[in-house]
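A.B. asks: Prediction below, plus the sequence it came from.
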Amino acid sequence: MLEPVNISLESLNLSTLTPMLIPIIGALVILCIDLIKGGLNKSLYVMLSLLFLLMDFGSLVDFAQLFSQNGTMMGFFDVMLIDGLAIIGQLIIVLASMLFIPLSLTSKRFHEYAYPEFYALFLFMIAGFQFMVATDNLILIFVGLELSSLALYTLIALHNRNKSFEAAIKYFTMGALAAGFFSFGAMILYALTGSIEINQISAVLAADEYSNIGFVLVAVTFLLASFGFKLSLIPFHAWTPDVYEVSSAALAGYMSVVPKIAAFVVAMRLFEFLVHSNVVWLETMLYILVVLTMTLANIWALVQSDVKRMLAYSSISHAGFVMAAILIGTTQSNSALFLYWVLFAFSNLGAFAMLWVNRQKVLVAGQDSDHPFEKFSGLVRTIPTAAAIMGLFML
């Protein structure tokens with residue numbers, strides 16, 4: 001007869017789930033309010049979203065203080081991992097989200113901002129990103145990845161321009177392929193090590209002296225392809241300019257910053273132990289990806305005729321620079337990664353926000369894109385303040 005297992009709630013440390021539960025509860029509250037009384041003004045949903053994000057940010061500040069006193073914390077059957085990477089990553093995600101959501105208070109009619117589902121999906125997406133960065137468990141990383149991705153696909157489609165559905169389907173297809181690659185790579189690592197926790201996988205492979213190097217190569221190739229799609233590294237970048245072009249400028253700016261910081265934290269946990277293991281082929285593969293991404297993206301950006309597409313290629317190039325920090329894999333490079341990404345978030349969100357200021361609901365006859373370079377010609381004479389701010393962000 002099996003003995004009953006008693007689990008102490010203290011050992012579960014359920015408080016580690018708090019930062020993720022706050023946006024999930026916020027999303028459910030918004031859906032319930034709409035269910036009880038529909039047709040309310042969007043400003044209510046914006047304020048509710050900001051309130052829950054502020055509570056989320058406050059809980060992360062508390063965890064930062066606890067981490068400075070007690071060090072790394074585990075929770076929920078040791079699935080949750082609250083360390084410096086998790087806290088800094090989540091703070092950037094929540095702060096950038098707080099900067100994004102007030103843009104929906106625009107006076108012009110963009111119908112997606114009138115839907116309460118937009119704000120609920122947005123909060124679910126943030127929870128998914130937070131799950132990704134606050135664990136080293138491959139299954140929970142996959143769950144967070146899918147939760148955030150499925151919400152983001154729908155947010156793109158809600159824009160409802162002619163090409164929005166096409167872009168959402170393209171992003172969904174690429175995302176599904178990336179998810180398949182990730183699950184296949186994780187399955188091989190589990191078969192080799194008997195664990196789905198990155199720290200344990202690292203320890204088992206090191207103890208075994210990488211004797212199954214061929215299988216490790218296959219697993220890491222799949223995982224690298226998966227993160228290549230998510231981080232839009234060359235040659236997995238093809239979806240990025242098209243999706244950014246047909247999304248609203250605000251959402252395109254958000255997509256260029258927040259989903260990538262979540263993916264970078266996971267990539268940092270996953271690839272750095274392999275880089276430190278002196279597996280030469282992995283370092284070579286990462287070198288090639290980094291150099292191609294930094295170089296080709298900037299060359300393609302030069303020949304674009306649309307500002308938004310140019311900024312999309314610019315964000316691809318920045319992803320290559322940040323991947324170089326993961327390739328170096330030292331404490332200093334990790335610190336530089338977060339500093340670089342905070343500065344990039346400021347400049348990129350600002351540049352896309354200026355596109356948002358110059359947006360238009362209906363394209364002029366003969367105009368192929370929202371933001372051709374000609375549209376900004378002479379801007380310093382018509383709106384000098386906007387021109388100066390845009391110049392600062394571009395610099």
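C.D. replies: Right, received. Where do you want to start?

A.B. asks: In the stretch 151-300 of the chain, where is pLDDT below threshold?
C.D. replies: 160-163 (pLDDT under 70).

A.B. asks: where exactly do the helices run in it?
C.D. replies: Listed in chain order, the helices of the stretch 151-300 of the chain (DSSP state H, counting those that start in this stretch) span 164-193, 198-207, 213-230, 239-246, 249-255, 258-276, 280-302.

A.B. asks: CSV for the ones you listed, including mean neighbour count and distance to residue 49?
C.D. replies: C-betas here are computed from N, CA, C, even on glycine. Putting the helices of the stretch 151-300 of the chain into CSV (neighbours: other C-beta atoms under 10 Å; distance: least, C-beta to C-beta, whole Å) gives the following:
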stretch, mean neighbour count, distance to residue 49
helix 164-193, 18, 22
helix 198-207, 16, 32
helix 213-230, 20, 24
helix 239-246, 22, 23
helix 249-255, 25, 13
helix 258-276, 22, 14
helix 280-302, 16, 33
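
A.B. asks: how about these, which one is nearest residue 68?
C.D. replies: Residue 68 lies closest to helix 258-276 among those, at 19.1 Å (C-beta to C-beta).

A.B. asks: Can you name every helix or strand that that closest one contacts?
C.D. replies: helix 84-100, helix 116-133, helix 138-157, helix 198-207, helix 213-230, helix 280-302, helix 307-328, helix 331-357 (3 or more C-beta pairs under 8 Å, 6 or more residues apart in numbering; DSSP states H and E).

A.B. asks: Out of the ones you listed, flag the one nearest residue 262.
C.D. replies: Among these, the nearest to residue 262 by C-beta to C-beta is helix 116-133 (4.1 Å).

A.B. asks: rewinding a little: of the helices of the stretch 151-300 of the chain, which approaches residue 12 most closely?
C.D. replies: With C-beta to C-beta as the criterion, residue 12 lies closest to helix 198-207 of these, at 19.4 Å.

A.B. asks: now the closest one against helix 258-276, angle please.
C.D. replies: 20 degrees (axes from the mean of the first three to the mean of the last three C-alpha atoms, to 10 degrees).

A.B. asks: And the contacts of helix 198-207?
C.D. replies: Residues from elsewhere that reach helix 198-207 (C-beta atoms under 8 Å, 6 or more residues apart in numbering): 136-138, 189, 192-195, 216, 269-270, 273, 277.

A.B. asks: In the stretch 1-150 of the chain, where is pLDDT below threshold?
C.D. replies: In the stretch 1-150 of the chain (pLDDT under 70), the answer is 1-11, 106-114.

A.B. asks: give me that answer again for 90
C.D. replies: Along the stretch 1-150 of the chain, segments meeting pLDDT under 90 span 1-23, 25-27, 29-53, 55-123, 125, 130-150.

A.B. asks: now the most centrally placed residue in the chain: how far from residue 125?
C.D. replies: Centroid check for the chain by C-alpha atoms, centre = their mean gives residue 259 as the closest residue, at 0.8 Å. Residue 259 sits 8 Å away from residue 125, going by C-beta to C-beta, to the nearest Å.

A.B. asks: which residues do these two both contact?
C.D. replies: Counting by C-beta under 8 Å, 6+ apart, the shared contacts of residue 259 and residue 125 are 148, 152.

A.B. asks: Next, the contact list for residue 232, please.
C.D. replies: 239, 240, 260, 315, 316, 319.

A.B. asks: can you put these in CSV and add distance to residue 204?
C.D. replies: CSV is the format used below for the contacts of residue 232 (distance: C-beta to C-beta, whole Å):
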residue, distance to residue 204
239, 35
240, 36
260, 29
315, 36
316, 35
319, 30
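
A.B. asks: Residue 37: which of those is nearest?
C.D. replies: residue 260 (37.4 Å).

A.B. asks: What is the neighbour count of the closest residue to the closest one other than its chain neighbours?
C.D. replies: If the residues on either side of it in the chain are set aside, residue 260 comes closest to residue 231, at 5.7 Å by C-beta to C-beta, 6 or more residues apart in numbering. By other C-beta atoms under 10 Å, the residues close to residue 231 number 25.

A.B. asks: Touching, residue 231 and residue 265? I think so.
C.D. replies: No: taking contacts as C-beta atoms under 8 Å, residue 231 lies outside contact range of residue 265: 11.4 Å.

A.B. asks: which neighbours do the two share?
C.D. replies: Residues touching both residue 231 and residue 265 by C-beta under 8 Å, 6+ apart: none at all.

A.B. asks: Break the protein down into its domains, please.
C.D. replies: 13-135, 162-359+372-395 (automatic domain parsing).

A.B. asks: Ok, which of these comes nearest residue 152?
C.D. replies: Closest to residue 152 of the domains of the chain is domain 13-135 (C-beta to C-beta; 5.6 Å).

A.B. asks: what sits against the closest residue to residue 392 other than its chain neighbours?
C.D. replies: Nearest residue to residue 392, sequence neighbours excluded (C-beta to C-beta, 6+ apart): residue 350, at 7.8 Å. By C-beta under 8 Å, 6+ apart, the contact set of residue 350 is 389, 392, 393.
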